[in-house]
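**Student:** make a model of this:
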Amino acid sequence: MTPRTGKIRQPGRPSASQAHPDLREQLLDAATGLFARQGIAATTMGQIAAQAGVTPAMVHYHFTNRDQLLDAVVDERVMRVIGYVWGPVGQGEAEPLALVAGLLERLFESAERQPWLPPLWLREVLNEGGQLRERMLPRLPSAKLQWLAERLADGQRAGSVNPAIEPRLVFLSLLGMTLLSLATASLWQRVPALEGLSREQLQRHVWAMLAGGLSMPPEEGHSGGCR
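**Tutor:** Next up, the predicted model:
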């Protein structure tokens, strides 16, 4: 008799990664959404279970403790976005403004697809005491940030980038103008003077501010302005 090939199924309970993989994704989505809306500290495993439509025991089945859940949110949700936003950076040559424009486009696209991104980043990464801050710091794309700063500095030396900007701060400025604006949209959109502003208008505004700041200033010869 010829023995069958393949893996032999071990007796006992299947691992959490093997059992209900779709449910694990559903739980991560529920947790990430709740963390963004009300903060990690205010979110219980029971609330995550209720949001996903399962029992709390199922949450603990897939994530044995809270730290494991937070690590999964960072690695399987936040880092996927960071990988997409920064993916093309460092591959081939590109003009400095084109690099920044690509980052801006992918950041807005990511926020459109994952609405939890701006509030979660503001609450749990930027905010002092945010519970994802220490998890995120060693995972930030430091090499790509450095590469972008070097290309901007190259542009300054070549005379195509404003010499007054600090290359190392450009992405922080981009991040502040995008994620902060999007995370607080529910507040500022209630101000009568700002009602009706769309995401597209915000994106055009941010790019105009960035492009204007990065571009070489016009030749001096006009009076006025700060000096």
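
**Student:** show the subsequent helix or strand relative to the strand or helix carrying residue 106.
**Tutor:** Using DSSP states H and E, residue 106 sits within helix 96-113. Past helix 96-113, further along toward the C-terminus, the next helix or strand under DSSP H and E is helix 117-121.

**Student:** neighbouring contacts of that next one?
**Tutor:** With contacts defined as CB atoms under 8 Å, 6 or more residues apart in numbering, helix 117-121 is touched by 32, 35-37, 78, 81, 110-111, 132, 178-180, 182-183, 185. No exception for glycine: its C-beta is placed from N, CA and C like everyone else's.

**Student:** and the residues you listed, which two are the farthest apart?
**Tutor:** Spanning the widest gap among the contacts of helix 117-121 are 132 and 185, at 21.0 Å by CB to CB.

**Student:** so for those two, which residue has more residues nearby?
**Tutor:** Neighbour count, other CB atoms under 10 Å: between residue 132 and residue 185, residue 132 has more, with 22 against 16.

**Student:** what residues does that one make contact with?
**Tutor:** Counted by CB under 8 Å, 6+ apart, residue 132 has contacts 40, 70, 73, 74, 78, 120, 124, 125.

**Student:** one more time with 6 Å
**Tutor:** Residue 132 sits next to 124, 125 when contact means CB atoms under 6 Å, 6 or more residues apart in numbering.

**Student:** switch to numbering from 202
**Tutor:** Renumbered: residue one is now 202, and that last one reads residue 333.

**Student:** and it, backbone torsions?
**Tutor:** Main-chain dihedrals, residue 333, degrees, to the nearest 10: phi -100, psi -10.

**Student:** residue 386 too?
**Tutor:** Here is the backbone geometry of residue 386 (degrees, to the nearest 10): phi -60, psi -40.

**Student:** measure it to residue 402 for me?
**Tutor:** To residue 402, residue 386 is 12 Å away according to CB to CB, to the nearest Å.

**Student:** check residue 289 too.
**Tutor:** Taken as CB to CB, the span from residue 289 to residue 402 is 26 Å.

**Student:** neighbour-wise, which of those two wins?
**Tutor:** Each of residue 289 and residue 402 has its neighbours counted (other CB under 10 Å); residue 289 has more, 14 against 10.

**Student:** so, low pLDDT: which residues of this protein?
**Tutor:** Within the chain, the stretches with pLDDT under 70 are 202-222, 420-428.

**Student:** can you map out the helices along it?
**Tutor:** For the chain, the helices defined by DSSP state H cover 222-239, 246-253, 257-263, 267-274, 280-287, 297-314, 318-322, 334-337, 343-359, 371-376, 382-384, 386-389, 400-415.
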